[in-house]
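*Asks:* The amino acid sequence is not available; the structure is as follows:
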């Protein structure tokens, strides 16, 4: 083995030139200070982390430091970071990048993150790690040495893609990497084609449905590590749960993946108080609900379910939706017209009144409200204003800048943030302790993601979650038959997402919809929902007994 | 070693760069920057561009630093990770790179000074991670004797940028270029003799990965585009061990004969 030795080419010629001119030499103080600087910056050994000492304002947790060391020393900078949600994958990735930059091993980096998180990543890296990052704007410059944060869609678009593929990156990171699990997709192929040295894949759900998911992720990272596709599928088959059972495979995966779980971190999590708030409709509202149910009873259609859910949310949501679809319903046109008239006369919504009551009891503490409907969002904002409560809206459709601005307004000025589902993705609101789920989503994972916005690493106080449901309605069914039965509110996330994926129930809301649609009677709905939740409960039990995989070597 | 007292280090840096320390406590420094340092440190290029274009005398700002994180917020907390200090170090690396210094002597007799060439070099061992070693080597340019940790000897000598009265320098027998080459040559010889387990590890790891890669692409599925060469290059970039020598700083140091004798005999 021959180790290449590269010598300094610059010093001697410059020095000789200076001697000829006999000027601009340093005095002793400057000369010695320069040597001291070099001593201070010296990386004395291969193993100790340099970065944490230089970032005294960040309190790194032990599982984060252990993860960084493992990635640096055992995995040589190519790894899947698969911590559970909220344990600080961003911090781990930032620290790894910082360490490499301090050691002069990384100069040019590309970070591919979801478009909605570009700014959040940038803020985190500059404020916590003093990393000089650039985010892609209209005309991004790709061919300079910098840390570029962009979305995969932006990067893939021409002319960006061709330029990016010509670059030599020292460091590439992909957030939400489970989206690359299918090797036939453009995203997967694009990431594969990047020239890269160090390479991190971040995901909270490394295995979603099939073992081939993990094969494809690992093959991006280290082609050949799990063999080629053919032998892999012959060996491990298409059985879904083998990863847990196959000790050999588990061992292999451990070498390329770090997965910390909440329960292993030994962290003291603040409490999560979940309260179900059952609300009664007023007499008028009950009548309207009944009317709606009667009209549509013969038609167990999608529309029926939607209208009913909307009426449970706000008059406005239901009214607008019926109005929009009016042309399509010919038969019951008359019935609908009288229903609309009825809705017009309704008083303020029972839930909205409850919201105001609840918020007033918070003593000016911040609160986030999630609703499924935009009409409800607008109505709530108006209604809160009537009662002197300040609020800002938050929607998926907002541009990046507007989202940041709304978040800032909420943090500094307004008491309430009213968000729709899509808006809730990826914003972190640790400074807020109250959450009202004004409408319950039909997918328990989405509820968990909502709660994760405030109950996460960085939250210092107990959080309070209020789940609203109106008695004797479709909402109460879901709450009692599905959520309460699987004990959603008692358990802390983690297993549930894996179970739903394994059972192919990632779209559980569609499943529930189906049940409502196809059932003739209320009794049938109950039985079917009951069966569904039994299956989930059953699997959860099994899962808890199984060992975890891909965990930290040390734990 | 390294910077042990940041406050003192900063004081030296600013006062040596024509900036005035207007006020100081044990932990704080109030500095009136020189225009040159303002331009390099404060990141306001448009202002300076404007000033120069208008032919005006720019007004340099002042800087208020503290090494104590609990200090009043009007002071900027400066520490080893802070971008401000990083920038200062960057400026320094440039300003303190080349030296030509004379031992200052108070004498009324003709005193010869011996030329020494001093080189401070950083050796980087780069495998999958990186380690650095600093070497400070001095070579007597008259007789070719070499001394390790030269910087420590230099620290105990008073230096001046001008030659003291009644002193004169001896003409070197070994040229600057050859002095430099001898030092580098010596370092390389040392490096050859060291054991390099880190490099062996990295090398083995590299070959392991290369084998895996080869197998993967031999039985490659059609769905996978062939990126074999590219993946191979990235493995080499990741693991190929190498060693880099880079000069931190260096220069000519003229030292009296008694001091030279002392250095050679300790």
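*Replies:* Yes, it's here. Owing to the predicted nature of the structure, the values given are computational and were not obtained by experimental measurement. Numbers count the residues shown, from 1 in each chain, chains lettered A, B, ... in the order given.
*Asks:* which helices and strands sit right next to the host helix or strand of residue A:352?
*Replies:* Element membership of residue A:352 [criterion: DSSP states H and E] is helix A:350-360. Applying 3 or more C-beta pairs under 8 Å, 6 or more residues apart in numbering or on different chains; DSSP states H and E, we find helix A:350-360 packed against strand A:272-279, helix A:374-386, strand A:463-470. In this view, the C-beta of every residue, glycine as well, is placed from N, C-alpha and C.
*Asks:* So which bits of it are buried?
*Replies:* A:350, A:351, A:352, A:354, A:355, A:356, A:358, A:359 (16 or more other C-beta atoms under 10 Å in any protein chain shown).
*Asks:* The second one and residue A:433: what is the separation?
*Replies:* This means residue A:351. Taking C-beta to C-beta, to the nearest Å as the measure, residue A:351 falls 21 Å from residue A:433.
*Asks:* and if you look at the third one?
*Replies:* The spacing between residue A:352 and residue A:433, counted by C-beta to C-beta, is 22 Å.
*Asks:* ok, back up a step: whichever helix or strand comes after the helix holding residue A:352 pairs with which strands?
*Replies:* Counting by DSSP H and E, the next helix or strand C-terminal to helix A:350-360 is strand A:367-371. Paired with strand A:367-371 in the same sheet, following DSSP bridges, are strand A:416-420 (parallel), strand A:434-437 (parallel).
*Asks:* Direction-wise, compare strand A:367-371 with helix A:374-386 and give the angle.
*Replies:* Between strand A:367-371 and helix A:374-386, the angle comes out at 150 degrees (axes from the mean of the first three to the mean of the last three C-alpha atoms, to 10 degrees).
*Asks:* And the contacts of strand A:367-371?
*Replies:* Contact partners of strand A:367-371, identified using C-beta atoms under 8 Å, 6 or more residues apart in numbering or on different chains, comprise A:313, A:355, A:359, A:377, A:380, A:391, A:415-421, A:424, A:429, A:432, A:434-439, A:450, A:453-454.
*Asks:* hmm, try it at 6 Å
*Replies:* A:359, A:377, A:416-419, A:432, A:434-439, A:450 (C-beta atoms under 6 Å, 6 or more residues apart in numbering or on different chains).
*Asks:* Can you give me the neighbour number for whatever residue of the stretch 401-550 of chain A ends up closest to chain B?
*Replies:* Using C-beta to the nearest C-beta, residue A:412 is the residue of the stretch 401-550 of chain A that sits closest to chain B, at 18.4 Å. Applying other C-beta atoms under 10 Å in any protein chain shown, we find 8 other residues in the vicinity of residue A:412.
*Asks:* measure it to residue A:348 for me?
*Replies:* To residue A:348, residue A:412 is 29 Å away according to C-beta to C-beta.
*Asks:* any chance you could map the strands in the stretch 101-250 of chain B?
*Replies:* Here the stretch 101-250 of chain B has its strands, by DSSP state E, counting those that start in this stretch, at B:111-126, B:130-140, B:146-147, B:159-160, B:167-169, B:242-256.
*Asks:* Give me the sheet partners of the longest one and which way each runs.
*Replies:* Which is strand B:111-126. Sheet pairing of strand B:111-126 (DSSP bridges) gives strand B:130-140 (antiparallel), strand B:167-169 (parallel), strand B:242-256 (antiparallel).
*Asks:* Go through the chain and flag its longest helix.
*Replies:* You didn't say which chain, so I picked chain A. The longest helix of chain A (DSSP state H) is helix A:522-545.
*Asks:* was after chain B, sorry
*Replies:* Ranking each helix of chain B by length (DSSP H) puts helix B:197-218 first.
*Asks:* Count the neighbours of the residue in the stretch 101-250 of chain B that chain A sits nearest to for me.
*Replies:* Closest contact between the stretch 101-250 of chain B and chain A, by C-beta to the nearest C-beta, is at residue B:216 (3.0 Å). Per other C-beta under 10 Å, the neighbour tally for residue B:216 reads 22.
*Asks:* quick revisit: what about the helix holding residue A:352, distance to the chain center?
*Replies:* When C-alpha coordinates are averaged (C-alpha atoms, centre = their mean, to the nearest Å), helix A:350-360 and its chain have centres 29 Å apart.
*Asks:* Report the rounded mean pLDDT for that helix.
*Replies:* Averaging pLDDT along helix A:350-360 yields 90.
*Asks:* how does chain A divide into domains?
*Replies:* Each domain of chain A is listed here as a residue range: A:52-265, A:272-278+A:349-545, A:285-344, per automatic domain parsing.
*Asks:* looking at the ones you listed, which is closest to residue B:34?
*Replies:* Among those, domain A:52-265 comes nearest to residue B:34, with 25.5 Å by C-beta to C-beta.
*Asks:* which parts of the stretch 151-266 of chain B sit against chain A?
*Replies:* B:151, B:159, B:161, B:180, B:184, B:199, B:203, B:212-213, B:215-216, B:219, B:221, B:223, B:231, B:234, B:237-238, B:241-249 (C-beta under 6 Å from any C-beta of the partner chain).
*Asks:* ok, of the residues you listed, which come out buried?
*Replies:* Listed as buried from these are B:151, B:159, B:180, B:184, B:199, B:203, B:212-213, B:216, B:231, B:234, B:238, B:241, B:243-249; burial here means 16+ other C-beta under 10 Å.
*Asks:* before we move on, back to that, including distance to residue A:385, could the contacts of strand A:367-371 go into TSV?
*Replies:* Supplementary listing: those in TSV, determined by distance: C-beta to C-beta, whole Å:
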residue	distance to residue A:385
A:359	12
A:377	13
A:416	10
A:417	14
A:418	11
A:419	17
A:432	20
A:434	19
A:435	20
A:436	17
A:437	21
A:438	16
A:439	20
A:450	24
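*Asks:* Which residue in those residues has the weakest pLDDT?
*Replies:* Minimum pLDDT for the contacts of strand A:367-371 is recorded at residue A:450 (82).
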